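Visitor: sequence-free structure coming up:
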Ligand code: NAD
C-alpha cells in the first residue's frame, strides 16, 4: 500500500503514527482537512487484522468526518484516531493517557471523542493530558450521550424526505422499519411513536428489542426480514455496509434514512438506489446530530442551541434533495457536492489578516 500516494489523491493533511512501548500503545491519528476548523473525530479501538487495515480505517473515517462537518455547516474539519487492540482485553488507563499526550502534541489540530470500542471513561483519561477532547460526561460539563440528539436529527431528516416524497412532512401513520434497537434506534423508536408512526423493528439483541417493543408497541421482525419489508421509510440504525447490489434489489421502501455510518457498501450503490426510485438520505446528513451535539461542547453547551441546530438537519436534507433533483444526480452525489463546494469556497477566502475568531476552538 502506498500511503502517501493515497493521501495525495484525497488531499489529506497528516497521518500520525503513535507509539508508546511502555504501555503498549499502537495508534494512528488522521487529520484529513482543517480548512473549516480543527479536525474532530472519534477514537476507535479495534483488533485490526493488519496494520494496513488500521491505516485505511483511520484514513477513510477521517475523510468521512470532513464531509459530515462540512455538509452540516459546522466550523470543524475531519479526523479520526484508531487504537490497535482489543477493547475488551487491552484497555488500560495508561494507554489512554499515552494517547492523550499524542493528541496534546497536535496543539488542537485534532479533537478526540468516543467511538466504537471506546467510552466516556476513556475520554476522561485523555482529558487528563489534553483539553482537546469532547463527549465528556455531564459532570465534567460535557454533552454526555449523543444518541438522543442523533435520533432527533434522523427524525428531522425523515420529515424532509416525507415532504419531498408525499408532500407532507407529517410522520403520522407512516410505516417505518428500524434496523437496530440500540442507543439511537431505541430513542428514534420512542420519538417516532410519539409522532404517530407505525413501527417495525429488529435487533439481534432480544433484550433490547423486547424493551423497545414494550415501550412503543412496535412490531418485532426477524433481522433477516427488515431490509426487504414493505414500508415507507427504512431506517438503518445498526451497522454500515448494508446497502449493496443484492440488498438494494430486494428493498421495498420508498425512503431510506438512518443513523448507521457508511450505509452504502460502495459509493456507486448510491446511484443504484437512485435508479430504483428510492429516496436515500445520505447517512452523514441524517446522523449529523451526534457531531452537532459535540460541536456545541466547544463553545459552551446549551440545550436550546443544540435543538435549534438539530432542526437545521431538515433544511440540509431538503437542500440535498433539491440539488439532486435539479442536477438529476443521486442524493449521495449531491451531499458530497454540498460538502466539497463549502470546502472549496472556504479555501479561496483570502487570508488578509489574522482573525482571532477563526482560532476560537484553540
Ligand atoms: P448501538 O451499538 O447502541 O446499537 C446498534 C444495535 O444494532 C445493537 O443493539 C445491536 O445489537 C444491533 N445489531 C447489530 N447487528 C444487527 C443485525 N444484524 N440486525 C439487527 N440489529 C443488529 O449503536 P448506536 O450508538 O445506536 O449506533 C448505531 C449506528 O449509528 C452505528 O452505525 C453508529 O456508528 C451510528 N451513529 C451513532 C451515533 C450516536 O450518537 N450513537 C451518531 C452517529 C452515527
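Guide: Happy to help now that I have it. For clarity, every value in this text was computed on a predicted model and none was experimentally measured.
Visitor: Just give the number of residues close to the nearest residue to residue 245 once chain neighbours are set aside.
Guide: Nearest non-adjacent residue to residue 245, counting by CB to CB, 6 or more residues apart in numbering: residue 272, 6.4 Å away. No exception for glycine: its C-beta is placed from N, CA and C like everyone else's. Residues lying near residue 272 (other CB atoms under 10 Å) number 19.
Visitor: correct me, but residue 272 touches residue 251?
Guide: No: judged on CB atoms under 8 Å, residue 272 makes no contact with residue 251 at a distance of 9.9 Å.
Visitor: Number of residues surrounding the closest residue to residue 198 other than its chain neighbours?
Guide: Leaving aside its sequence neighbours, residue 198 sits nearest to residue 175 (CB to CB, 6+ apart; 4.7 Å). By other CB under 10 Å, 17 other residues sit near residue 175.
Visitor: cool, residue 317 as well?
Guide: Around residue 317 there are 28 residues (other CB under 10 Å).
Visitor: Give me the three-state assignment for the spatially closest residue to it that is not a sequence neighbour.
Guide: Leaving aside its sequence neighbours, residue 317 sits nearest to residue 160 (CB to CB, 6+ apart; 3.8 Å). Of the three states, residue 160 takes helix under DSSP: H, G, I helix; E, B strand; the rest coil.
Visitor: do the same with residue 42
Guide: Classified using three-state DSSP, residue 42 is strand.
Visitor: From residue 83, how far off is the nearest residue to it once chain neighbours are set aside?
Guide: Nearest residue to residue 42 in three dimensions, chain neighbours excluded: residue 115, at 2.6 Å (CB to CB, 6+ apart). For residue 115, the distance to residue 83 (CB to CB, to the nearest Å) stands at 10 Å.
Visitor: which residues does residue 231 bridge with?
Guide: residue 253 (DSSP bridges).
Visitor: Let me know whether it touches residue 257 as I believe.
Guide: No: proximity of residue 231 to residue 257 does not meet the contact threshold set by CB under 8 Å, at 11.5 Å.
Visitor: So which of those two has more stuff around it?
Guide: Each of residue 231 and residue 257 has its neighbours counted (other CB under 10 Å); residue 257 has more, 31 against 21.
Visitor: Now that one: closest residue in space, sequence neighbours ignored.
Guide: That would be residue 281: by CB to CB, 6+ apart, it lies 4.2 Å from residue 257.
Visitor: Now do the contacts for the one you found.
Guide: 157-158, 160-161, 255-257, 317, 320, 331 (CB atoms under 8 Å, 6 or more residues apart in numbering).
Visitor: Would you mind giving me the PyMOL syntax to select the buried ones in these?
Guide: For the buried members of the contacts of residue 281, the matching PyMOL selection, counting by 16 or more other CB atoms under 10 Å, is:
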select buried, resi 157+158+160+161+255+256+257+317+320+331
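Visitor: Next, count neighbours for the residue in the chain that the ligand sits nearest to.
Guide: Going by CB to the nearest ligand atom, the ligand is nearest to residue 182 of the chain, at 1.8 Å. Residue 182 has 18 neighbours, counted by other CB under 10 Å.
Visitor: what does residue 19 give?
Guide: Using other CB under 10 Å: residue 19 sits among 11 other residues.
Visitor: which element is it on?
Guide: strand 14-20 (DSSP states H and E).
Visitor: Can you pull the poorly scored residue ranges out of this structure?
Guide: 353-362 (pLDDT under 70).
Visitor: in the sheet, who's paired with the nearest residue to residue 7 once chain neighbours are set aside?
Guide: Leaving aside its sequence neighbours, residue 7 sits nearest to residue 15 (CB to CB, 6+ apart; 6.5 Å). Residue 15 has these beta-bridge partners by DSSP bridges: residue 30.
Visitor: In contact with residue 15: list those residues for me.
Guide: Counting by CB under 8 Å, 6+ apart, residue 15 makes contact with 3, 7, 28-31, 55, 58-59.
Visitor: Return a selection command, for use in PyMOL, containing the buried ones of those.
Guide: Buried subset of these, written as a PyMOL selection, criterion 16+ other CB under 10 Å:
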select buried, resi 7+28+29+30+31+55+58+59
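Visitor: At the contact with the ligand, which residues of this protein appear?
Guide: Counting by CB under 6 Å from any ligand atom, the chain comes close to the ligand at 146-147, 150, 179-185, 202-205, 208, 223, 237-240, 259-261, 287, 290.
Visitor: Strands - which of the residues you listed land there?
Guide: Among those, the residues falling in strands (DSSP state E) are 179, 202.
Visitor: Filter the residues of the chain next to the ligand down to the buried ones.
Guide: 146-147, 150, 179-185, 202-203, 208, 237-238, 259-261, 287, 290.
Visitor: So for residue 115 and residue 83, which sits in the more crowded spot?
Guide: residue 83 (27 against 21).
Visitor: list the contacts for that one?
Guide: With CB under 8 Å, 6+ apart, residue 83 has these contacts: 25-27, 43-46, 95, 99, 117-118.
Visitor: related to what we said a few turns ago, spit out the residues that contact residue 115 and residue 83 alike.
Guide: Shared contacts of residue 115 and residue 83, counting by CB under 8 Å, 6+ apart, come down to 43-45.
Visitor: Including neighbour count, could the residues you listed go into a markdown table?
Guide: Shown next, in a markdown table, are the shared contacts of residue 115 and residue 83 (neighbours: other CB atoms under 10 Å):
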| residue | neighbour count |
| --- | --- |
| 43 | 27 |
| 44 | 23 |
| 45 | 27 |
